[in-house]
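Undergrad: curious how this folds, go ahead:
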Amino acid sequence: MSNELVFKLKRTPFDENYEPSTNTRLTTNFANLARGESRQSNLRKAIDMINNRFNNLADWDNPTGDRYAVELEIISVDVDIEKNNNYFPIIEVLKTTVVDSKYNKRYEGIVGNSFSSYVRDYDFSVVLLEHNKNKKEFSLPDAYGELHGKLFKAFLNSDVYKENFTKQPVICLSVSSSKVYKRTQNHHPILGIEYEQDEYSLTDDYFAKMGLHVRYFMPKNSVAPLAFYFSGDLLNDYSNIELIATISTMESFQKIYRPEIYNANTAAGKIYQPSLTNQDYSSVQVEYDRVERSQLAINQGKFTETYFIKPYQTILTQWAANYSL
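TA: This next block holds a predicted model:
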């Protein structure tokens with residue numbers, strides 16, 4: 001049962017004064033931006049991009065294009081395996097809130113958006129690499145991603161989650177450069193044009209073990225579809241304002257992190273395969289260290305193995321075997 005694990009939650013504002021905590025996964029988009037000499041400039045530009053994109057999409061009753069602003073909180077989740085107040089950082093997501101200056105109102109946004117996990121780093125950067133070392137054909141280890149999926153479900157099922165959030169999360173990530181996406185006839189007024197693919201990516205399958213489905217949409221004035229991971233009805237469970245906040249936040253981060261795809265000078269066609277080697281794109285003038293990010297993922301995967309997986313191996317294996325919703 002999920003109540004065998006103890007979760008605690010911390011909220012940290014993401015603004016121009018944000019500084020990553022010692023427990024923050026440093027591979028997250030927002031933490032990467034908040035380091036170095038250009039940290040404050042990076043943060044201001046990223047926030048401006050998010051607000052401008054929000055107003056671009058929420059253009060009704062918004063003649064000057066500055067009615068709304070998006071406030072972001074980093075939601076950090078720790079887990080106590082043995083109920084002895086020894087917590088391990090497990091998940092980080094983003095929570096949006098929309099400020100309407102016209103009516104001086106605040107609207108709750110979606111929790112999720114970005115998704116970071118130490119155990120995911122362990123799975124992708126330690127387990128998967130070790131399993132395929134010196135192998136001619138790529139394959140997945142037995143039960144790959146199952147522990148992570150159950151930990152995520154346990155958090156969503158916990159009292160801590162239910163006390164803080166009224167809706168299920170939506171996570172919005174980049175589409176996979178290894179897959180081909182085909183445009184459909186389906187068009188949503190906010191999410192935009194839907195794309196489909198014939199085969200799920202490794203990330204899609206991994207998130208499926210977390211209980212999340214995936215759909216791909218390219219919003220108005222976007223140049224590539226985004227992957228939306230959700231558990232309910234993406235098109236009807238959330239308001240226009242909620243969806244726009246997620247799109248504007250995550251598309252802005254992707255323009256910084258993957259400009260070759262999301263800031264390309266040519267929009268995706270009817271048949272589309274993303275490419276990180278595309279040279280026809282525009283820079284967003286925000287410093288982002290992709291090399292450091294990939295190196296940190298390996299370091300943090302090994303950190304997870306040392307301080308979480310190995311010390312609690314027996315307990316985690318037994319808990320996972322008995323866990324059910």
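
Undergrad: please save the CA atoms from stretch 304-315 in CSV.
TA: Once non-C-alpha atoms are left out, stretch 304-315 reads as follows in CSV (Å, rounded to 0.1, in the frame of the first residue of the first chain):
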residue,chain,number,x,y,z
THR,A,304,20.9,7.2,-6.3
GLU,A,305,22.4,3.7,-6.6
THR,A,306,24.7,4.4,-3.6
TYR,A,307,22.4,6.2,-1.3
PHE,A,308,18.9,4.9,-2.2
ILE,A,309,18.9,1.7,-4.3
LYS,A,310,21.6,-0.4,-2.6
PRO,A,311,20.9,0.6,1.1
TYR,A,312,17.1,0.0,0.7
GLN,A,313,17.3,-2.8,-1.9
THR,A,314,15.5,-5.4,0.2
ILE,A,315,12.8,-3.1,1.5
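
Undergrad: report the buried residues of that stretch.
TA: By neighbour count, and taking 16 or more other Cβ atoms under 10 Å as the criterion, the buried residues in stretch 304-315 are 304-305, 308-309, 312. Bear in mind the C-beta positions are built from the backbone N, C-alpha and C, glycine included.

Undergrad: quick one: average confidence on that stretch?
TA: When pLDDT is averaged along stretch 304-315, the result is 95.

Undergrad: got the contact list for it?
TA: Residues from elsewhere that reach stretch 304-315, judged by Cβ atoms under 8 Å, 6 or more residues apart in numbering: 81-82, 88, 118-119, 121-122, 126, 316.

Undergrad: now swap in stretch 48-67 and tell me
TA: Under the contact criterion Cβ under 8 Å, 6+ apart, stretch 48-67 has outside partners 68-70, 72, 98, 100-102, 190, 219-221, 240-241, 244-245, 247-249, 251-252, 255-256, 284.

Undergrad: now do the same end-to-end measure for that stretch.
TA: Here the two ends of stretch 48-67 are set 13 Å apart, with distance taken as Cα to Cα, to the nearest Å.

Undergrad: quick one: it to chain centroid distance?
TA: Going by Cα atoms, centre = their mean, to the nearest Å, the spacing between the C-alpha centre of stretch 48-67 and its chain's C-alpha centre is 23 Å.

Undergrad: same check on stretch 110-128?
TA: Its chain's average C-alpha position is 9 Å from that of stretch 110-128, according to Cα atoms, centre = their mean.

Undergrad: now the end-to-end length of it.
TA: 31 Å.

Undergrad: residue 117 - nearest residue in space that isn't next to it in sequence?
TA: On the basis of Cβ to Cβ, 6 or more residues apart in numbering, the spatially nearest residue to residue 117 that is not a chain neighbour turns out to be residue 91, at 5.3 Å.

Undergrad: how many neighbours does residue 285 have?
TA: For residue 285, the neighbour count with other Cβ atoms under 10 Å is 10.

Undergrad: ok, now which ones touch it?
TA: Contacts for residue 285 (Cβ under 8 Å, 6+ apart) come out as residue 45.
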